[in-house]
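# Got a sequence here, can you build the structure:
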Amino acid sequence: MKKFTHINSLTPEWQHHLAKEMNGELIDNKIIVIPKSLGQGHSYFTQITPGISVLLMDFVLNESVKINRIKSDNQLYILHFDLSENANVIKINNIDYKIGSYDNLGLAIIDNKIESSFKPAINKRTLALRLLVDKKLLDGFLKNHPSEEFSKRKINVPKNSL
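Predicted coordinates for the structure are as follows:
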């Protein structure tokens with residue numbers, strides 16, 4: 001099994017180390033192309049607004065890989081949406097969680113101060129989206145928009161519509 005390590009931040013510099021470690025190609029500080037020795041595909045990173053960035057992963061690996069995310073002082077929440085058809089594994093606090101198939105939870109919310117690892121399935125397409133959100137931004141939003149306000153709303157959908 002190949003092992004890689006990285007940190008996350010709202011800016012793209014964290015990708016340099018990961019791309020170099022896996023012998024991938026980093027294009028315009030946004031795209032990491034997976035080397036053919038590991039499989040095929042890429043990841044795409046961009047900042048959306050101050051305080052929110054996104055990482056989209058779309059690849060098929062032909063070798064077992066464990067991607068360790070090291071905790072850091074970057075004050076972030078990581079919202080990992082796994083849209084893969086087959087289960088992948090996220091390890092948090094030494095517990096493995098299956099994520100990403102139709103019958104498993106497709107969402108993990110991780111504090112950047114806690115280490116985690118991601119083990120994608122082999123020879124299966126991995127499609128995942130990670131939102132990296134500044135803690136102050138999300139905490140402020142939740143404080144100013146209590147969930148009760150949204151949970152009591154009713155949505156009216158006309159018949160014969162999607």
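
# report the longest helix in this structure, please.
helix 135-144 (DSSP state H).

# packing partners for that helix?
Judged by 3 or more C-beta pairs under 8 Å, 6 or more residues apart in numbering; DSSP states H and E, helix 135-144 is in contact with strand 76-82. Every C-beta, even on glycine, is put in place using the N, C-alpha and C of the backbone.

# could you point out which element follows the strand it packs on?
Sequence-wise, the next helix or strand downstream of strand 76-82 (DSSP states H and E) is strand 88-92.

# partners of that next one, with directions?
If you go by DSSP bridges, strand 88-92 pairs up with strand 95-99 (antiparallel), strand 116-119 (antiparallel).

# gap between that strand and the chain center?
Offset of strand 88-92 from its chain centre (C-alpha atoms, centre = their mean, to the nearest Å): 11 Å.

# excluding its backbone neighbours, what's nearest the residue nearest the centre of the chain?
Centroid-nearest residue in the chain, with C-alpha atoms, centre = their mean: Arg130, separated by 2.9 Å. Spatial nearest neighbour of Arg130, excluding adjacent residues (C-beta to C-beta, 6 or more residues apart in numbering): Leu55 at 4.3 Å.
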